[in-house]
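S.K.: please work out how this folds:
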Amino acid sequence: MTRKDDVIDSPLSIILVEDDDGDAKAVTRAFARLDGQCSILRVRDGIEALALLRGESGRAPRNYVLIADLNLPRMGGIELLRKIRDDPDLHRAVAFVMSTSADDRDVTAAYAYQVAGYILKQKAGRDFGSLVTTINHFWRLVELPDMGGGAGD
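M.R.: Here you go, the predicted structure:
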């Protein structure tokens, strides 16, 4: 059996659902420090995320980690998580929430949809460095389910 950290061609794939250009740019810059070991696809809301995940507007990577903001235009993060968990082709998606909200109702709602973690933007570290470290360790240590089988597979 080949371990993930032994596979050179297994870059980290992130689908970032973030409407704030400044936050998206900062997250992208932070992950760029992984020297080509990361690819980021950014969408601006839950509707765009679902279209990507379902193969309606491009093709999502076969395996990925989804990082979604909660407060998004058109379709917010909680509604996106609900639709993902209700979709038989997407329900295995590994998702994190990244938000400025520390409201216990938001945290509880996100975990009700089996998020892997709820990350406060203000705790994500200077220039999102702690976020990158956490997600990179997660990607390398945790065995993820095969998320193929969605649209187009």
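S.K.: run through the strands of the chain in chain order.
M.R.: Taking DSSP state E to define them, one finds strands in the chain at 12-17, 38-43, 65-68, 94-99, 117-120.
S.K.: nearest the middle, which residue of the chain would you pick?
M.R.: Leu66 (1.5 Å; Cα atoms, centre = their mean).
S.K.: residues in contact with the nearest residue to Asp69 once chain neighbours are set aside?
M.R.: Distance criterion Cβ to Cβ, 6 or more residues apart in numbering; nearest residue to Asp69, sequence neighbours excluded, is Glu18 at 4.9 Å. No exception for glycine: its C-beta is placed from N, CA and C like everyone else's. For Glu18, the contact set (Cβ atoms under 8 Å, 6 or more residues apart in numbering) comprises Ala24, Val27, Arg42, Arg44, Ile67, Ala68, Asp69, Leu72, Met98.
S.K.: where's stretch 110-119 relative to the chain centroid, distance-wise?
M.R.: 11 Å (Cα atoms, centre = their mean, to the nearest Å).
S.K.: contacts made by that stretch with the rest, please.
M.R.: Against stretch 110-119 from outside (Cβ under 8 Å, 6+ apart): 65, 67, 70, 77-78, 81-82, 84-85, 94-99, 106-107, 131, 134, 138.
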